[in-house]
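1. with the sequence up front, the predicted model follows.
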Amino acid sequence: MDINDLRSIMTVVSFAVFLGIVWWAYGKGSKHRFDDAANLPFAEDEGERIQPGALRQEQRKTS
């Protein structure tokens, strides 16, 4: 095994990681979380803010 084989393996692994990140980011389950996170700066008072841990637990209960 020479350096070119290692480079080829790293290219394939990097591409697989890239596809995994794209799949995670554009998956239908992520849209709701990202929308909630995008609106956090606009929350007026503490009652409107969503706690990230509570959201995750709520999603686990529904799935």
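-> Structure received.
2. any weak-confidence spans in this protein?
-> 45-63 (pLDDT under 70).
3. go again using 80 as the cut-off
-> 44-63 (pLDDT under 80).
4. which SSE is Asp35 in?
-> Assigned by DSSP states H and E, Asp35 belongs to helix 30-39.
5. what is that helix packed up against?
-> helix 52-62 (3 or more C-beta pairs under 8 Å, 6 or more residues apart in numbering; DSSP states H and E). Just so you know, the C-beta spots here come from the backbone N, C-alpha and C atoms, and that holds for glycine as well.
6. go again using 10 Å as the cut-off
-> Counting contacts by 3 or more C-beta pairs under 10 Å, 6 or more residues apart in numbering; DSSP states H and E, helix 30-39 packs against helix 3-26, helix 52-62.
7. in it, what counts as buried?
-> Neighbour counts over helix 30-39 (16 or more other C-beta atoms under 10 Å) mark no residue as buried.
8. pull the CA atoms of that helix into CSV?
-> The C-alpha coordinates for helix 30-39 follow below in CSV (Å, rounded to 0.1, in the frame of the first residue of the first chain):
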residue,chain,number,x,y,z
SER,A,30,-34.0,18.6,11.2
LYS,A,31,-36.1,21.4,9.7
HIS,A,32,-38.3,21.9,12.8
ARG,A,33,-35.2,22.1,15.1
PHE,A,34,-33.4,24.5,12.8
ASP,A,35,-36.5,26.8,12.5
ASP,A,36,-36.8,26.9,16.3
ALA,A,37,-33.1,27.7,16.7
ALA,A,38,-33.3,30.4,14.0
ASN,A,39,-36.2,32.2,15.9
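9. could we number from 60 for the rest of this?
-> Sure, I'll start numbering at 60, so the last one becomes helix 89-98.
10. okay, angle between it and helix 62-85 too, please.
-> 70 degrees (axes from the mean of the first three to the mean of the last three C-alpha atoms, to 10 degrees).
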